[in-house]
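Q: When you get a sec, could you give me coordinates for this:
(2 chains)
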There are 2 protein chains.
Amino acid sequence: MPVNLTPPENLLPVSGIRLGIAKAHVRSPDRKDLMVMTLPAGATIAGVFTQNRYCAAPVQICREVLAAGQPVRALVVNTGNANAGTGEQGLADARQVCEAVAREFGCEPGQVLPFSTGVIMEPLPVERIIAGLPQCRANLSEDNWVSAAEAIMTTDTVPKGLSRQFKVDGLSYTVTGIAKGSGMIHPNMATMLAFVATDARVAQPLLSALLREVTEASFNRVTVDGDTSTNDSFILIAAGGEDRPLIDSTDNKAYRALREAVMEVSVFLAQALARDGEGATKFVTIDIEGGRDRGECVKVGKAIAHSPLVKTALFASDPNLGRLLAAIGYAGIDDLDVGLISMWLGDVKVVTNGSRDPNYVEAEAAAVMKQDEITIRIDLGRGVAKDRVWTCDLSYDYVKINAEYRS
Amino acid sequence: MPVNLTPPENLLPVSGIRLGIAKAHVRSPDRKDLMVMTLPAGATIAGVFTQNRYCAAPVQICREVLAAGQPVRALVVNTGNANAGTGEQGLADARQVCEAVAREFGCEPGQVLPFSTGVIMEPLPVERIIAGLPQCRANLSEDNWVSAAEAIMTTDTVPKGLSRQFKVDGLSYTVTGIAKGSGMIHPNMATMLAFVATDARVAQPLLSALLREVTEASFNRVTVDGDTSTNDSFILIAAGGEDRPLIDSTDNKAYRALREAVMEVSVFLAQALARDGEGATKFVTIDIEGGRDRGECVKVGKAIAHSPLVKTALFASDPNLGRLLAAIGYAGIDDLDVGLISMWLGDVKVVTNGSRDPNYVEAEAAAVMKQDEITIRIDLGRGVAKDRVWTCDLSYDYVKINAEYRS
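A: Reported below is the predicted structural model:
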């Protein structure tokens, strides 16, 4: 059961972007597992990818295509198989899929970005994927975002998507995004795929800068289990054509509104990954303030978010302050003075000067821990920097899901 | 159920070292939870402690006492309460216990090392501990090592101890060690306490050097859950008096035999922590070779040992090669060429050139994974350095034990 996350009822079309979905039997006999997204001529695109050295074949090809600077005209996404750890054959397989997409949708193979997610180290069933492409073309439509959000799911229990609209100078703009991922979610991109598109017309360098800024504040701040996947990708598309005013500067009024909408959609999607984290029963926000710099705030947040002892205590609704403080202690801040630390669970102050707050009442802390959304706030007492990390708890179901994943 | 680990039937006395045990009701009404060890005049001692910035009060006092260079005459260990995150009061409490030990056993407070393990951030029940000391004194004996191994347990399911004897120049030497710890076990010392003693007479500087060397190859190579505790301590004691030949050089023949015995006992105890890891059903050895240096080998070993996805796959006996390779990929070796990697599960080669071995047969790999002792061997293909890490799997019971720990 995801934590306070329901499927999107409606996602707004982004003018010029069409989506086609198929059941290609990649791994399961009867589920949507193939999605093609086509982009209009003139669209700009930016992407960030996993930092795992074992990056999957499709990630390598995406990097090549984006580096070549060719206009991208289609994205193809399959679930059920990650095409990772598959060596030269995996690259050849992914290229073969791109070629088939180019033929089917009328573009060049070098204008296609491939994405795969699912089991690692098994050969990509290229023929079944290619056989599914005509089905994708047959139902290609601007109105398929919800269906596309479903088609990219793996162990996700709900599809994830959000739309935002804003107006600038009388013109209406749309931002729609979808994402998948619920295990192997780690800062710095982990088996997650996210696609956010807008009908704004944005110069490519500005789009890249926006993507990097948004990634840092959204997907790079969420962790489920600390495992960084081989396939993570976050793609930002600006589909606006020449009939739309060009946004090419951060000073542009439309840029500021766009930035806000893209940020809102991306943060929603990033949080959705943790809300639907494998086995999650709690959604947890970790706010760290009083750091010397943001880097050390994130270090502390991630040490807490990755601690199996903290995560099992969260699952048990146990205000186990010791485990939280121990995680802060080993976060890697060498000159940390633990005597300056304060901590709050929700609004309840639980730690003062590094020890239990003199007014601490366990029942009050336990009441906070019983909630399904918990905010842990820590003041390191050594500066003015702050940052935030989102995570979920570690439950029996996490073990169950991951022990049985391939069976 | 620990993995191939049974309680020690017998532990050999170390001449001059006496142990007394009590049920002091620190947390539970009817279990051994207090142990005092007395050392003869002239004994030398060395210790290493947690690197957690949130180190517990007793750890701070141990560091003070050892730095002062006074002869240590007694160790006092309580379970049930870690006296960590307890601030100034915790320090005062630990000092009060040391003072009471000094009174009861006839030494100075500055000659007593205190150790605590158990729940963090709760006040130490000083009065109950002090009230238990006469009971410890009443049963003080050289033959109490097995009982002492039991008295220092927390969530351990079996006591852990080993003795070794060797002869040099007609003289017989004994090394006996005990340890506790099964969760929060992480390289660089995590809630583990280990005490290894010998009746050899060893110069203090040499004893310290031996301790550091042995720690690196034993306790700093084992991890259960990556959580580094506030209280870890490993103490090495040489109790031999003036009637024994002084060992003060690594060239000494007795030193080499002693080093071997201390290493053997310490490696056994370190492995025992993972064998009895919380919820463990598998004992896993990760051998990494072909690295540029040992540091990067350990990085890879720990990335694998800490990955919840790898650990749940181990629990499921699932040869999920993808998760193993993904962990290698994010271990932090920036210039890693994954195309050079080979991997074996037991004797079965599963990965060649970074991809599934051409002769891979899943049934063979699955047969290895079903065993309760599994060796994962990785050749990084970039050098001649090698190293080793031990760990265990992540099971339902890990979650259960840690979700219910305080209830």
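Q: Output the below-cut-off pLDDT ranges for the stretch 301-407 of chain A.
A: Along the stretch 301-407 of chain A, the parts satisfying pLDDT under 70 run over A:401-402, A:404-407.
Q: Can you name the residue of it nearest chain B?
A: Nearest residue of the stretch 301-407 of chain A to chain B: A:G322, at 2.3 Å (CB to the nearest CB). Glycine gets a C-beta too; all of them are placed from N, C-alpha and C.
Q: got a list of what that residue touches?
A: Going by CB atoms under 8 Å, 6 or more residues apart in numbering or on different chains, A:G322 touches B:82, B:84-85, B:119-121, B:230.
Q: residues near A:Q165, how many?
A: Using other CB atoms under 10 Å in any protein chain shown, A:Q165 is surrounded by 12 other residues.
Q: Tell me if I'm right that A:D357 and A:V351 touch.
A: Yes - at 5.9 Å, A:D357 counts as touching A:V351 under the criterion of CB atoms under 8 Å.
Q: More neighbours: which of the two?
A: It is A:V351, of A:D357 and A:V351, that has more neighbours when counted by other CB under 10 Å, with 24 against 17.
Q: any idea which element that one lies in?
A: Here A:V351, judged by DSSP states H and E, is contained in strand A:348-352.
Q: in its sheet, what does that strand sit against?
A: The strands beside strand A:348-352 in its sheet (DSSP bridges) come out as strand A:342-345 (antiparallel), strand A:355-356 (antiparallel).
Q: three-state assignment of A:V300?
A: Under the three-state scheme (DSSP: H, G, I helix; E, B strand; the rest coil), A:V300 adopts helix.
Q: Check it and give its pLDDT.
A: Note for A:V300: predicted pLDDT of 95.
Q: returning to what we had before: which of the strands paired with strand A:348-352 sits most buried?
A: strand A:355-356 (a mean of 22; mean count of other CB atoms under 10 Å in any protein chain shown).
Q: contacts for that one?
A: Here strand A:355-356 makes contact (CB under 8 Å, 6+ apart) with A:321, A:350, B:85-87, B:89-90, B:121.
Q: Let's see which of those residues end up in strands.
A: Counting by DSSP state E, the part of the contacts of strand A:355-356 found in strands is A:V350.
Q: Around chain B, which positions in the stretch 201-350 of chain A sit nearby?
A: Proximity of the stretch 201-350 of chain A to chain B (CB under 8 Å from any CB of the partner chain) is limited to residues A:225-230, A:306-309, A:312-313, A:315-316, A:318, A:320-323, A:325-330, A:333-334, A:336, A:338-339.
Q: Also the stretch 51-200 of chain A?
A: A:51-55, A:82, A:84-87, A:89-90, A:119-121, A:183-184, A:186.
Q: now do 6 Å
A: Residues of the stretch 51-200 of chain A lying close to chain B (CB under 6 Å from any CB of the partner chain) are A:52-54, A:85, A:87, A:120-121.
Q: Closest approach to chain B from the stretch 101-250 of chain A, which residue is it?
A: Residue nearest to chain B within the stretch 101-250 of chain A: A:I120 (2.3 Å; CB to the nearest CB).
Q: tell me the domain ranges of chain A?
A: Following automatic domain parsing, one finds the domains of chain A at A:18-275, A:283-403.
Q: what about the helices in the stretch 251-400 of chain A?
A: Using DSSP state H, counting those that start in this stretch, the helices of the stretch 251-400 of chain A run over A:253-275, A:294-306, A:308-315, A:321-329, A:362-370, A:396-403.
Q: The fifth one to helix A:321-329, inter-axis angle?
A: Computed with axes from the mean of the first three to the mean of the last three CA atoms, to 10 degrees, the direction of helix A:362-370 lies at 70 degrees from that of helix A:321-329.
Q: excluding its backbone neighbours, what's nearest the residue of chain A positioned farthest from its centre?
A: Within chain A, the residue lying farthest from the chain centre (CA atoms, centre = their mean) is A:P358, at 40.2 Å. Excluding the flanking residues, the one nearest A:P358 by CB to CB, 6 or more residues apart in numbering or on different chains is A:T352, at 6.8 Å.
Q: what are the bridge partners for that neighbour, then?
A: Listed by DSSP bridges, the beta-bridge partners for A:T352 are A:S355.
Q: And it, how far from A:E289?
A: From A:T352 across to A:E289, the span is 15 Å (CB to CB, to the nearest Å).
Q: And A:T312, by the same measure?
A: For A:T312 relative to A:E289 (CB to CB), the value is 26 Å.
Q: Of the two, give the one with the bigger neighbour count.
A: Each of A:T312 and A:E289 has its neighbours counted (other CB under 10 Å); A:T312 has more, 28 against 17.
Q: show me where pLDDT drops low in the stretch 151-300 of chain A?
A: Residue ranges of the stretch 151-300 of chain A with pLDDT under 70: A:182-191, A:224-229.
Q: Can you say which helix or strand has the residue nearest to A:M263 when sequence neighbours are not counted in it?
A: Counting by CB to CB, 6+ apart, A:M263 lies nearest to A:V214, which is 5.4 Å off, once chain neighbours are set aside. Secondary structure from DSSP H and E places A:V214 in helix A:204-217.
Q: quick one: that helix to chain centroid distance?
A: Distance of helix A:204-217 from the chain centroid (CA atoms, centre = their mean, to the nearest Å) equals 14 Å.
Q: can you check stretch A:377-392 too?
A: Offset of stretch A:377-392 from its chain centre (CA atoms, centre = their mean): 21 Å.
Q: Over to stretch A:373-391?
A: Mean C-alpha position of stretch A:373-391 versus that of the full chain (CA atoms, centre = their mean) differs by 21 Å.
Q: and what of stretch A:265-279?
A: Distance of stretch A:265-279 from the chain centroid (CA atoms, centre = their mean) equals 7 Å.
Q: what do you get for stretch A:287-294?
A: 23 Å.
Q: With just CA atoms, put that stretch into CSV.
A: Written as CSV, here are the backbone C-alpha positions of stretch A:287-294 (Å, rounded to 0.1, in the frame of the first residue of the first chain):
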residue,chain,number,x,y,z
ASP,A,287,15.0,18.0,7.4
ILE,A,288,18.6,18.9,8.4
GLU,A,289,19.5,22.4,9.3
GLY,A,290,22.3,24.2,11.1
GLY,A,291,24.9,22.6,8.9
ARG,A,292,28.1,24.3,7.7
ASP,A,293,27.1,23.5,4.1
ARG,A,294,24.3,21.7,2.2
